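> Sequence and computational prediction follow.
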Amino acid sequence: MRQTQGSTPQMKGRAPQLVTLRTMVKEMFMHTRSQWGLLMLGAISVIAISVLEFMIPQLTKHIIDRIIPAKRFYALLETGGLIVLAGLLLGAFNFGSSYVMTLVSQKAIFQLRNKLYKHTLSLDLTFFDRNRTGDLMARLTGDVNQLQELVSADSLSILADMITFMAIVGYLFYTDWKLALLTLITLPFLFVTSRFFSLRIKRAYRTVRQISAELNNSLQDTLSGIRMVKSFASEDKEAVEFAKWSEQHRTATVSASRLSAIFAPIINWLNLIGMAVVLLFGSWQIMHNRMTVGEIIAYLAYLRLLQAPIRSFSRLITKLQQSAAAFERIQEVLEVVPRVCDKEDAIVLPPVQGDIVFDDVGFAYEEGRPILENFHLRLRRNQTTALVGSSGSGKSTIAYLIARLYDVQRGDIYIDGHPLTDVTMKSLRQQMGIVSQEVILLNGTIRENIAYGKPEATAEEIQAAAVAANAHEFITAFPQGYETSIGERGVKLSGGQKQRLSIARAFLTNPRILILDEATAALDTESEQHIQRALSLLLPGRTCLVIAHRLSTIQSADQIVVLEHGQIMELGNHETLLRQKGRYKALYDMQFPAKSIY
Ligand SMILES: Nc1ncnc2c1ncn2[C@@H]1O[C@H](COP(=O)(O)OP(=O)(O)OP(=O)(O)O)[C@@H](O)[C@H]1O
């Protein structure tokens, strides 16, 4: 089922769909077909293995039936030498096949993981709003790893096993068809047992993979929110929560393993019955001089060889079911079609002037809960537009829509006369800078973090951006200056320092359109002043959208938009809005009671 526009790009909780093994094998084949040479080498090795395995009992039979009765000591040495040589070759081909198949499987997994990661990154924010990070991480790591089992020497040896199987069955019928029929009597039972277990094993492993993802989610939430956990002293509560998932994981794994564990002995037992039948019937034949001892020994050896393919078929079934469960989870992500994507004929947005128009825009994150309706707004080039309004009124949403992080459902947003949907997202976002309250810093140096949007920037450009953002001073106060490591493993920066780094990032890319989303909201007055100074250099000559709760930061804006429930209540500059004595003035009086002048 492909998820398209209008459907919810959420995967968790979907009924497990029956992805056929065929799709999985096809996908894996696609990733291995470029390595035909290696695959052939692997196949030749496993065929050589089965030929050698077929030969060894023949040599044994030759010794027992021919060489021993004739007392040919020299021939005994010769045949013994041949057995040793065959054993050596067997070892060499075994090594060759597993090494070659590791090369093939690792490349296939590498390609699949990269494809999945690239696809995940191409999905829009709605997808990430609704799917949890831990679950996605589990799909990208554990589930992909599980598939590597599928492309292994073990799986390829199925090919050799099939050849061995057919050769042996042919030989058995050739030597004694009655005995052969008796031997194969257990086959239908083996088939029915395999079918019975395979479906159940797959279901059990799917549950295990789902619970692994929940375990990951739980870990991710707690570790990334460790400050909150500690400040509420809820370590014990989190540990109990984690233990709950851990316990579920344990139970699910035990029941999946139990199924596999029951499956294998049942197969072994059926095989043993086959052996017993051969032994009894064969001994009876020997007693009546209708078979030689060498023949029965070779027969039993072949029977064991026959059981190896049957055992590996049953192992393969378990492996196929485990992989299918993991593959279903990977397919679920691969099948999600991004809602926000470039049109086929999208143009590269030329260098922009910066006129942005919302024309009769309607937008909702979720059906039936409109955030903007019949919304009109114009942001003029080189001017600063400020958005104010109560929490939840839709200010950030407007910013997201300009950056096309979401698509509108009605109307259009134009940039210099181009509908946003007509231009490539890359060319749009490259001309846009966003500084938000929540600054994301990556593990790396200060220099790398400032240069995130322009990795090719020179040291001089980076320093100039830091100076303009009022950040150079605190950066050079660190012993390692711009090479100081920040992020999880590096030094910790204050909120104001982080904010100045993000302003430096914006300076460096020199965007024509700048969005400041509550950039100073979380700061104390001194930090705010630092940042205001940095922003006063950044804003001029660009089209700016400033979202602010603190009205002190937007008084000089060219136009101020007062928003409530997605509707524009008032529009004008600071003075005109104060004179209107409406919502803006009420907000202003609340924040600056002593300054009320009009
Ligand atoms: N990803 C989302 N999925 C669903 N609803 C959302 C999402 N983001 C925001 N909303 C809803 O959209 C409405 C507008 O949110 P928005 O963040 O634009 O408001 P805001 O004016 O920026 O608020 P604040 O000043 O608190 O940041 C709110 O009702 C919010 O619950």
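Arrived safely, thanks for sending.

> Run a quick neighbour tally on the closest residue to the ligand within the stretch 51-200 of the chain.
As assessed by Cβ to the nearest ligand atom, the ligand sits closest to Asp129 within the stretch 51-200 of the chain, at 4.3 Å. Just so you know, the C-beta spots here come from the backbone N, C-alpha and C atoms, and that holds for glycine as well. Asp129 sits with 12 neighbouring residues when counted by other Cβ atoms under 10 Å.

> Then the one 10 residues further on?
Neighbour count for Arg139, taken as other Cβ under 10 Å: 26.

> before we move on, what SS does it have?
Applying DSSP: H, G, I helix; E, B strand; the rest coil to Arg139 yields a three-state assignment of helix.

> Now for it: which residues touch it?
Shown in contact with Arg139 (Cβ atoms under 8 Å, 6 or more residues apart in numbering): Leu116, Ala213, Arg329, Ile330, Glu332, Val333.

> can you rerun that using 6 Å?
Taking Cβ atoms under 6 Å, 6 or more residues apart in numbering, we find Arg139 in contact with Arg329, Ile330, Val333.

> can you check Phe281 too?
Counting by Cβ under 6 Å, 6+ apart, Phe281 touches Leu179, Leu182.

> just checking, which of the contacts of Arg139 belong to helices?
Counting by DSSP state H, the part of the contacts of Arg139 found in helices is Arg329, Ile330, Val333.

> Buried ones in stretch 94-109, by neighbour count?
Neighbour-count burial for stretch 94-109 flags Asn94, Gly96, Ser97, Ser98, Val100, Met101, Val104, Ser105, Lys107, Ala108, Ile109 (criterion: 16 or more other Cβ atoms under 10 Å).

> Give me the subset of those that lies in helices.
Asn94, Gly96, Ser97, Ser98, Val100, Met101, Val104, Ser105, Lys107, Ala108, Ile109.

> before we move on, the earlier item: so how far is Gln331 from the residue of the stretch 51-200 of the chain closest to the ligand?
Using Cβ to Cβ, to the nearest Å, Asp129 is found at 21 Å from Gln331.

> still on that earlier bit, and the ligand, which of the ones in helices among the buried residues of stretch 94-109 reach it?
Filtering those for proximity to the ligand by Cβ under 6 Å from any ligand atom leaves nothing.

> Of those residues, just say which sits nearest to Leu21.
Nearest to Leu21, judged by Cβ to Cβ, of those is Ala108 at 16.3 Å.

> before we move on, which element is the spatially closest residue to that closest one that is not a sequence neighbour in?
Nearest residue to Ala108, sequence neighbours excluded (Cβ to Cβ, 6 or more residues apart in numbering): His31, at 3.8 Å. Per DSSP states H and E, His31 falls inside helix 21-32.

> Same question for Glu214.
Using DSSP H and E, the element containing Glu214 is helix 187-224.

> hmm, who's touching the helix or strand just after that helix?
Of the helices and strands lying after helix 187-224 in sequence (DSSP H and E), the nearest is helix 226-231. With contact meaning Cβ under 6 Å, 6+ apart, helix 226-231 is reached by Thr222, Glu238.

> Run the chain-centre distance for helix 226-231.
Mean-position distance between helix 226-231 and its chain equals 27 Å (Cα atoms, centre = their mean, to the nearest Å).

> what about Cys341, how many neighbours?
Using other Cβ under 10 Å, Cys341 is surrounded by 15 other residues.

> Arg583 contacts Ile568, correct?
No - using Cβ atoms under 6 Å as the test, Arg583 is too far from Ile568 to be in contact (10.6 Å).

> So, low pLDDT: which residues of the protein?
For the chain, the stretches with pLDDT under 70 are 1-20, 151-157, 159, 307-308, 310-311, 314, 487-491, 519-527, 593-598.

> For it, which segments count as strands?
Applying DSSP state E to the chain gives strands spanning 356-364, 370-379, 384-389, 410-415, 418-419, 432-436, 444-445, 485-486, 513-517, 543-547, 559-564, 567-572.

> Starting from the fourth one, tell me which strands it pairs with and how they run.
Same thing as strand 410-415. Counting by DSSP bridges, the strands paired with strand 410-415 are strand 356-364 (antiparallel), strand 418-419 (antiparallel).

> To Leu405, which of those lies closest?
The closest of these to Leu405 is strand 356-364. By Cβ to Cβ, the value is 11.4 Å.

> residues from the stretch 251-400 of the chain in reach of the ligand?
Listed as neighbours of the ligand in the stretch 251-400 of the chain under the rule Cβ under 6 Å from any ligand atom: Tyr365, Glu366, Ile371, Gly389, Ser391, Gly392, Ser393, Gly394, Lys395, Ser396, Thr397.

> ok, now how distant is Asn289 from the ligand?
Look at Asn289 and the ligand: by Cβ to the nearest ligand atom, to the nearest Å, they are 85 Å apart.

> Look up phi and psi at that residue.
Here is the backbone geometry of Asn289 (degrees, to the nearest 10): phi 60, psi 30.

> so how many other residues sit close to it?
Asn289: 7 surrounding residues under other Cβ under 10 Å.

> before we move on, what about Ile434?
Using other Cβ under 10 Å, Ile434 has 22 neighbouring residues.

> Quick check: bridge partners of the residue nearest to Leu493 when sequence neighbours are not counted?
Leaving aside its sequence neighbours, Leu493 sits nearest to Ile486 (Cβ to Cβ, 6+ apart; 6.1 Å). Legend: beta-bridge partners of Ile486 under DSSP bridges are Gly444, Val491.

> from what I can see Ile486 touches Leu441, true?
Yes - assessed by Cβ under 6 Å, Ile486 is found in contact with Leu441 at 5.5 Å.

> neighbour count winner among these two?
Ile486 (21 against 18).

> returning to that earlier point: what's the separation between the residue nearest to Leu493 and the ligand?
According to Cβ to the nearest ligand atom, Ile486 stands 26 Å off from the ligand.

> how far away is that residue from Asn443?
Counting by Cβ to Cβ - Ile486 and Asn443 are separated by 8 Å.

> do the same with Arg329
Here the criterion is Cβ to Cβ. By it, Arg329 lies 28 Å from Asn443.

> of those two, who's got more company?
Arg329 (24 against 12).

> Enumerate the positions of the helix holding Glu214 that are buried.
Those would be 190, 193-194, 197-198, 200-202, 204-218, 220-222, for helix 187-224 by 16+ other Cβ under 10 Å.

> Same check on stretch 472-481?
His472, Phe474, Ile475, Phe478.

> Could you identify the most distant pair in those residues?
Comparing every pair within those by Cβ to Cβ identifies His472 and Phe478 as the most remote, at 11.4 Å.

> sorry, back to before: Phe73 is nearest to which of the strands paired with strand 410-415?
Comparing the strands paired with strand 410-415 by their distance to Phe73 (Cβ to Cβ), the top pick is strand 356-364, with 92.0 Å.
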